[in-house]
Structures are given as structure tokens and as C-alpha cells.
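Predicted model and sequence follow; I will ask about them next.
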Amino acid sequence: MKKSRYTESQIFQILKEAGAGIPVAELCRKHGISNATFYNWRSKYSGMDASSMRRLKELEEENARLKKMYAEEKLKAEIIAEAMEKKW
């Protein structure tokens, strides 16, 4: 997963600026982000504070780690099942 150039607090601050009435095009130009990035952030993080954003990131990282662990264990189980099926 690609690491973001912006921290959760920076994203939160940019969204706060937008809520204060600064036009989106100006914000995007000021911070060097695309309109699509801004709207993705807004849809993902709207209504959150900094602590809940941090918790969301932690949960996403944990979820990715668990998915990887599951995939590895599933692969091991398939290899073992395949080896057990072979006739010696």
C-alpha cells in the first residue's frame, strides 16, 4: 500500500479549511493535491476528528496484516492437503 505524503492531522486540517469556506480549487492548488484526492478524503474522513482518523488507519493496517496471515495459512493448508492426496 502506498504511503500518503500527508499525515492524518494534515488531512484533517485541509478538510477543516474547506469547511471554513475556502474554495476547493484554491485548497488543492495550495496543498498540491488533486480535486479527486480532496473529494476522496472528504468522503472517507467527513465527520471524523483526528483521533478517530488515527484509529481508522490502525484498523486498516491491522486488517491488511490479518488478510496476509490468512492467505499464508490458507496456502499452507492447500499444500498439505495436496501432499496428503498423492499416492506414495
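Here it is on my side, so go on. Numbering: from 1, shown residues only.

Which helix or strand in the chain has the lowest average pLDDT?
When the helices and strands of the chain are compared on mean pLDDT, DSSP states H and E, helix 8-19 comes out lowest with a mean of 88.

Check which helices and strands it is in contact with.
Under the contact definition 3 or more CB pairs under 8 Å, 6 or more residues apart in numbering; DSSP states H and E, helix 8-19 sits against helix 24-31, helix 35-45, helix 50-85. Yep, even glycine has a C-beta here, placed from its N, CA and C like the rest.

How about the contacts made by the residue lying closest to Ser34 once chain neighbours are set aside?
Sequence neighbours aside, Cys28 is the residue nearest to Ser34 in space, at 6.4 Å (criterion: CB to CB, 6 or more residues apart in numbering). By CB atoms under 8 Å, 6 or more residues apart in numbering, the contact set of Cys28 is 34-35, 37-38.

where does this structure have low pLDDT?
Counting by pLDDT under 70, the chain contains low-confidence residues at 1-3, 87-88.

Ends of stretch 7-27, what's the gap?
16 Å (CA to CA, to the nearest Å).

about what we covered before: for Phe12, which of the helices and strands packed on helix 8-19 is the nearest?
Minimum separation from Phe12 across these (CB to CB) falls at helix 50-85, 5.1 Å.

mind listing what's buried in the closest one?
Met53 (16 or more other CB atoms under 10 Å).

That one packs against which elements?
Looks like helix 50-85 contacts helix 8-19 (3+ CB pairs under 8 Å, 6+ apart).

change it to 10 Å
Applying 3 or more CB pairs under 10 Å, 6 or more residues apart in numbering; DSSP states H and E, one finds that helix 50-85 contacts helix 8-19, helix 35-45.

which of the residues in the last one are buried?
For helix 35-45, the neighbour count (16+ other CB under 10 Å) marks 37-38, 41-42, 45 as buried.

any idea whether Gly47 is helix, strand or coil?
The three-state label given to Gly47 by DSSP: H, G, I helix; E, B strand; the rest coil is coil.

Share the number of residues neighbouring His31, please.
By other CB atoms under 10 Å, the residues close to His31 number 16.

For it, which non-adjacent residue is spatially closest?
Nearest residue to His31, sequence neighbours excluded (CB to CB, 6+ apart): Ile14, at 5.7 Å.
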